[in-house]
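Trainee: any chance you could fold what I've pasted below:
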Amino acid sequence: MRQHQNLSLLSGLIGLVLAQSSSTTNITDPASFVLPFIGTTNGGHVFPGKAAPRILGGIQAKLHTGATIPHGMVKAGMDTDSPGNHAGYDGDAQFNVTGFSQLHDDGTGGSVPLSNFKIWAFPQCGSFETCPTDINARKVLRKVLPNGSPDDFASPGYFSTNLTNSIRVELTATRRTALHRYTFPAGTTNPRMLFDLTNDGQHSSTDPILTLDPDTGKLEGGASFAASFGPGRYRAFTCVTFKGEGYNLGKPTEYGIWLGNTPVRGMTNIQQQYYGASSLFLASPYRFVTELGGLLTFPPAPNGRTTSIFARVGVSFISSAQACANAEEEIPDFDFDGVHKSARAQWNDVLGRIQVDPTGVETETVQLFYSSLYRTHIVPADYTGENPKWTSKEPYYDSLYCNWDTYRTLYPLMSLHDPETFARVVRGMVDIQKHEGWLPECRGATAMHFIQGGSNADPILGEFYVKFHKFAKALDVDAEDLYNALLADAENESPNWNLQGRQANAWKKFSGANTKQVSRTLEHAFNDFSISQVARVLGKTDDARKYAQRAGNFANVWNPNITVPDGPGVMGMFQPRFADGTFNFTDPRHCSVHDPAKATCFLNAARRDGFYESSPIVYSQYAPHDTARLMELQGGLEKFVSRLDFIFDQDYFDSTNEPSQQMPFMYHYANRPGLSTQRSRQTIAQFFNTSVNGLPGNDDSGAMASYVAFYLAGLYPLPATNQLLLSSPYFPEISFFNPVLKTTTKIVSKNFAGNPPDGTGGQVFVQSVVVDGKPYKSNCFLEWDVFTAGSLVELTLTTDIGVTCGNSTDALPPSLSTGGYD
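Mentor: All right, here's what the predicted structure looks like:
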């Protein structure tokens, strides 16, 4: 049964050979370079999989490995009993498989999200009544390959595994429906299929409903479940139908409802069971059991043929009837190979818009690039038509988990190659604001989650409108509605600014002081900068000036008198500031590897340090819209550079967390782009690779993946602006096709000489830039019009790390205080 996997691997090798044959040959099957198991054994929480653990106040990172389409609602995948099973899967073979569920998130923290509606197969039980239905009783290990890894395989739109009970499981999916194929071992006489209604990732279900049709085996049901990162709950529904592969499955020969470890034959509705639990009785021997679902026995394939049974699982957040309709609409004929082929085609379409020339490049680098690009299209998830809160003709996207993670790099990467999806996400966000009062910040399975940074949908909307305002109407984005949504965040205080909106009144009154966290002050400053840029495009001069002024509030929480132990010459730091203007104190090392208190910077009631998920040392580099002013606060260019060197050399740089993402590129602002190139390449070499341990931490809904993709492309974005910082790509040629602009922009390194393995040195530093045959104004950044025009960008590379941004007056990347955005 390994033939399918070997063919997929072969197609990848063929694709590589074709791509290497000529720099003008497109990679027609970029999905063949995607390795979904990157980061699946060390805490990355990837779908599928998980990567190296990053634990911050209880957050450990996970990634999903399974079957989905780009931005699909359904993400069908394996669930395990790993303690790090946030995305269900764990690539460590020691962990048991507990089922194959339909909904997952990718690279999140918090409590385990989703993992709803598990399917399971039994090759044999002593009898129907003795089948081990309980989640802990039924679990089994996977078969193990000679290298010690589990016998799992995944590619975009497909997942398979071979279990130690000799059942083979394969998964594929459409937007709202999963299709499973269970192949039973030879000689199976009573193939049985289990449906688990209640065991989500948190075992949090309440109010279950379930019916079973004894004539067809069709199961319909739903339940309420706990949100992953907030106080809310959500309700989800499903519809499961079965079909034999190559034979008429017929009626179930046995059927019933199971409760805990006890199947009850002949039962068709869970209302006939004694179920439920009260916290008053959890320690009591009389407490009721909460685990339940359906169990079916089907006839095997005739004449001794191999028995394979399809399970089609529709999902809805509206009703089980809609889940059935979704399944029948999207997979009417149980055509597993057809669904898989369609899913792969969708992946190749979106991945193929960015083409690289792999000549002279390690295969692993090509795989790392396309695997990273792949993970940027798993979430946000397209829940359009599945919003239970209101009826709307607008798109609805969920799994916004969280905007604080993704606004920096994920959406700017969408701008380059997938603005149509970006526009739909923006429309969905604006529609949420219309109905809930504020733009969403963090959201999962329709439930609000806790805010991490600020109102970070603001720079997402800013990114879209600044770059695509000329196309907004054609993309059905209403400019007035978008701007009003931004103003709601900026001006109207939410009754609970831990879930939506901002602490707007304090922000406006105290100009950055006395907010809940210093980190929120810094985020709000950038958010208001984003609004100012939208106002400029709209010709709202007064508003542009107002929000640009508020964007400077970050400087009001700068305390010039703070020093760092063992940090000679590092003077000044962002610090908590009270309403009366006096400063509180947070140790600059707080929440870093050098924190003497080993303190948390997660969300909890005891935290009063003023910084979220990063140290004051790192956050004191965060004013991306006005790095010139930040440099001034830090004592000038040389002290700015030496501070950056100190942060990297003393391991304060945190590759696992978003506030550090921009830091390798900050040398650009000091006219030292060679240092940026080397630091960014050292970051990739040290922290990212294609192994199952290939991520340093949580993938954060594609935030880490997008930042790796940008680094490999030799670019770094500043959201809501027309500039992208420029370095050297890891490829002699990279091109970006934009389907809205209808242009292809190509970046060519004319004297490309490979990539140094450790990121140090090499012929990788940008000496000069030519755009469409003319010398460009800067060696450090590209304007957006380079991409709207579909330009040819030619780089001349050198081994000299001392290169500069150039000699023109506007060669340095812009900053707000120096008039760069006027």
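Trainee: what packs against whichever strand or helix holds Tyr465?
Mentor: With the criterion set as DSSP states H and E, the secondary-structure element containing Tyr465 is helix 457-468. For helix 457-468, the helices and strands in contact under the criterion 3 or more Cβ pairs under 8 Å, 6 or more residues apart in numbering; DSSP states H and E are helix 403-406, helix 410-417, helix 419-436, helix 479-491, helix 518-537. The way it works is simple: take the backbone N, C-alpha and C, and place the C-beta from them, glycine included.
Trainee: so which of those helices gets nearest Gln682?
Mentor: Nearest of those to Gln682, taken as Cβ to Cβ: helix 410-417 at 21.7 Å.
Trainee: pull the CA atoms of that closest one into CSV?
Mentor: Taking only C-alpha atoms (Å, rounded to 0.1, in the frame of the first residue of the first chain), the coordinates of helix 410-417 have been written out as CSV:
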residue,chain,number,x,y,z
LEU,A,410,1.4,36.9,6.4
TYR,A,411,-0.9,39.5,4.8
PRO,A,412,2.0,41.4,3.1
LEU,A,413,2.9,38.1,1.5
MET,A,414,-0.7,37.7,0.3
SER,A,415,-0.4,41.2,-1.2
LEU,A,416,2.4,39.8,-3.5
HIS,A,417,0.5,36.8,-4.9
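Trainee: neighbours of the residue nearest to Gln433 when sequence neighbours are not counted, how many?
Mentor: What sits nearest to Gln433 in space, not counting adjacent residues and going by Cβ to Cβ, 6 or more residues apart in numbering, is Ala485, at 4.0 Å. Applying the criterion other Cβ atoms under 10 Å, we find 24 residues in the vicinity of Ala485.
Trainee: same deal with the one 10 residues further on?
Mentor: For Pro495, the number of neighbouring residues by other Cβ under 10 Å comes to 8.
Trainee: point out where the stretch 551-700 of the chain drops to low pLDDT.
Mentor: 604-608 (pLDDT under 70).
Trainee: what about the helices in it?
Mentor: Remark: helices assigned in the stretch 551-700 of the chain by DSSP state H, counting those that start in this stretch are 616-619, 627-633, 637-649, 673-687.
Trainee: could you dump the ones you listed into CSV and include mean neighbour count and distance to Asp398?
Mentor: Shown next, in CSV, are those (neighbours: other Cβ atoms under 10 Å; distance: least, Cβ to Cβ, whole Å):
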stretch, mean neighbour count, distance to Asp398
helix 616-619, 27, 29
helix 627-633, 21, 34
helix 637-649, 18, 36
helix 673-687, 22, 30
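Trainee: so can I have CSV of those helices showing distance to Ala811?
Mentor: Shown next, in CSV, are the helices of the stretch 551-700 of the chain (distance: least, Cβ to Cβ, whole Å):
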stretch, distance to Ala811
helix 616-619, 27
helix 627-633, 13
helix 637-649, 14
helix 673-687, 10
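Trainee: now do the strands in the stretch 651-800 of the chain.
Mentor: Assigned strands in the stretch 651-800 of the chain, in chain order: 715-717, 723-726, 733-738, 743-749, 765-771, 774-775, 781-783, 792-798 (criterion: DSSP state E, counting those that start in this stretch).
Trainee: looking at those, which is nearest to Glu436?
Mentor: With respect to Glu436, and counting by Cβ to Cβ, the nearest of the strands of the stretch 651-800 of the chain is strand 715-717 at 28.3 Å.
Trainee: any weak-confidence spans in the chain?
Mentor: Where the chain drops into low confidence, which here means pLDDT under 70, it does so at 1-25, 42-64, 276-289, 604-608.
Trainee: dead centre of it: give me the residue that sits there.
Mentor: Note on the chain: the residue nearest the mean C-alpha position is Ser701, at 1.5 Å, using Cα atoms, centre = their mean.
Trainee: that one and Arg502, how far apart?
Mentor: Taken as Cβ to Cβ, to the nearest Å, the spacing of Ser701 relative to Arg502 amounts to 21 Å.
Trainee: and Phe736, by the same measure?
Mentor: To Arg502, Phe736 is 34 Å away according to Cβ to Cβ.
Trainee: more neighbours: those two, which one.
Mentor: Under the neighbour definition other Cβ under 10 Å, Phe736 and Arg502 were set side by side, and Arg502 has more, 29 against 21.
Trainee: for that one, name its beta-bridge partners.
Mentor: Taking DSSP bridges, one finds Glu493 as the beta-bridge partners of Arg502.
Trainee: just checking, it touches Gly454?
Mentor: Yes. With contact defined as Cβ atoms under 8 Å, Arg502 reaches Gly454; the gap is 6.3 Å.
Trainee: which residues are common contacts for the two?
Mentor: Arg520, His524, Asn527 (Cβ atoms under 8 Å, 6 or more residues apart in numbering).
Trainee: which residue comes closest to the last one once chain neighbours are left out?
Mentor: Across the structure, with Cβ to Cβ, 6+ apart as the measure, the residue nearest Asn527 apart from its sequence neighbours is Asp458 (3.9 Å).
Trainee: count of neighbours near that neighbour?
Mentor: Using other Cβ under 10 Å, Asp458 has 30 other residues around it.
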